[in-house]
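Asker: just to be clear, the model below is a prediction. Sequence and coordinates:
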Amino acid sequence: VEESVSEPETEAPDVTNVLLFGVDGRDVSQTIGRSDSIIVLSLDKTHNKIKLSSIARDTYAEVEGYGKTKINNAFSYGGPQLAVKTINQNCNLDAKDFVAVNFLQLSEIIDYIGGVTINVDEDEREVMEGYIQELNRLGIETEPVTETGDLLLSGGQAVAYARNRYTGNDLNRMERQREVLYAMVQAVLDMDIQKYPELISMILSQCVTSLTDEEMIAMGSWALLSKPSFEQYALPNDDCNAHGETINEQWHFVYDLDNAAQLLHGFIYEDAE
């Protein structure tokens, strides 16, 4: 009798996904509102990589209990719990943890780690000035940016850079947000590991998160010791056949989310085949 030969089982990649939400609010004590920024932070220990994947806030998606709407509305409808559920359902992910931070709170975290180094061009510098003036009116003291090139930006300056809606399109804006996050990770990795507990306490005081301080320290220690490479991704992209469409008098990114979920899954887990 001929026995059938089964395919050997392949071990699932060791990947931890954490959802990062930048919340569009101006009260530094609040993280309530629509998620102005949605980034999937993937710690891929199998391939020794940290991956940052942006999801456009205007993506037209199903939000449980509310029907089709902008994906960033999930946060305002049901807080980070509904936002996490919405991203998982629409993007075929398994994220259990999240970090939600107001952009103004983010400025304090960036100042705490000593600023971030970002390459700023002249168009970006000019647009940043309007945001810097707004931050100063809100009581966030922020110096104007007078130069271009690779600059060490303060927290307020980095927030002004990340919030720029006018240089390029929304996909360029998402790229700037990933640049700031990447620069933050680099700055943290350059810190003395002995300072991590104090840093974690400061971060926990400035954001809403499901992570414990022990979990955050473990993630930081892995990144420090493993020295992973960084990769970036965004939805939608050229492979999504996305188009802009006005629905219920609001502009949306419309694209096949099943296809997009496969693309994102392939990037995060490197199993596109």
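Answerer: Great, that's in hand. Numbers count the residues shown, from 1 in each chain.
Asker: so, low pLDDT: which residues of the protein?
Answerer: Applying pLDDT under 70 to the chain flags residues 1-12, 25-34, 271-273.
Asker: in it, which spans are helices?
Answerer: 73-91, 103-112, 122-137, 155-162, 170-189, 196-206, 213-226, 257-269 (DSSP state H).
Asker: make TSV from those helices and add mean neighbour count and distance to V23 to it.
Answerer: C-beta: built from backbone N, CA, C; applies to glycine. Below are those laid out as TSV (neighbours: other Cβ atoms under 10 Å; distance: least, Cβ to Cβ, whole Å):
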stretch	mean neighbour count	distance to V23
helix 73-91	20	7
helix 103-112	21	7
helix 122-137	17	16
helix 155-162	27	12
helix 170-189	18	13
helix 196-206	16	12
helix 213-226	15	19
helix 257-269	18	22
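Asker: relative to G244, which of these is closest?
Answerer: Closest to G244 of these is helix 170-189 (Cβ to Cβ; 9.7 Å).
Asker: what angle sits between that closest one and helix 196-206?
Answerer: For helix 170-189 against helix 196-206, the angle by axes from the mean of the first three to the mean of the last three Cα atoms, to 10 degrees is 140 degrees.
Asker: which other residues reach helix 170-189?
Answerer: With contact meaning Cβ atoms under 8 Å, 6 or more residues apart in numbering, helix 170-189 is reached by 20, 22, 37, 39, 41, 50, 52, 54, 56-58, 109-110, 113-118, 124, 158, 161-165, 167, 199, 220, 223-224, 230, 232, 234, 236-237, 253.
Asker: mind checking which of those are buried?
Answerer: 20, 22, 37, 39, 41, 50, 52, 54, 56-58, 109-110, 113, 115-116, 118, 124, 158, 161-164, 167, 199, 220, 223-224, 232, 234, 236-237, 253 (16 or more other Cβ atoms under 10 Å).
Asker: let me know the distance separating I39 from L181.
Answerer: I39 is 6 Å from L181, where distance means Cβ to Cβ, to the nearest Å.
Asker: what's near enough to touch the residue positioned nearest the centre of the chain?
Answerer: Nearest to the mean C-alpha position of the chain, by Cα atoms, centre = their mean, lies I39 at 2.6 Å. I39 sits next to 19-20, 22, 52-55, 177-178, 181 when contact means Cβ under 8 Å, 6+ apart.
Asker: sitting in strands, which of those do you find?
Answerer: If you go by DSSP state E, those have 19-20, 22, 52-55 in strands.
Asker: out of those residues, what pair is the most spread apart?
Answerer: G22 and S53 (14.3 Å).
Asker: circling back to that earlier point, for the residue nearest to the centre of the chain, name its beta-bridge partners.
Answerer: Beta-bridge partners recorded for I39 (DSSP bridges): L20, S54.
Asker: gap between it and E214?
Answerer: Counting by Cβ to Cβ, the gap from I39 to E214 is 23 Å.
Asker: check V180 too.
Answerer: 26 Å.
Asker: can you check T142 too?
Answerer: Going from T142 to E214 by Cβ to Cβ gives 34 Å.
Asker: looking at the helices of the chain, which is nearest to K45?
Answerer: Nearest of the helices of the chain (Cβ to Cβ): helix 213-226, 7.0 Å.
Asker: hmm, who's touching the closest one?
Answerer: 16, 43, 45, 48, 50, 97, 185, 188-189, 193, 196-197, 200-201, 203-204, 209.
Asker: if we go to 10 Å?
Answerer: Taking contacts as Cβ atoms under 10 Å, 6 or more residues apart in numbering, the residues outside helix 213-226 that touch it are 16, 18, 41, 43, 45, 48-50, 97, 99, 185, 188-193, 196-197, 199-201, 203-204, 209, 211-212, 228.
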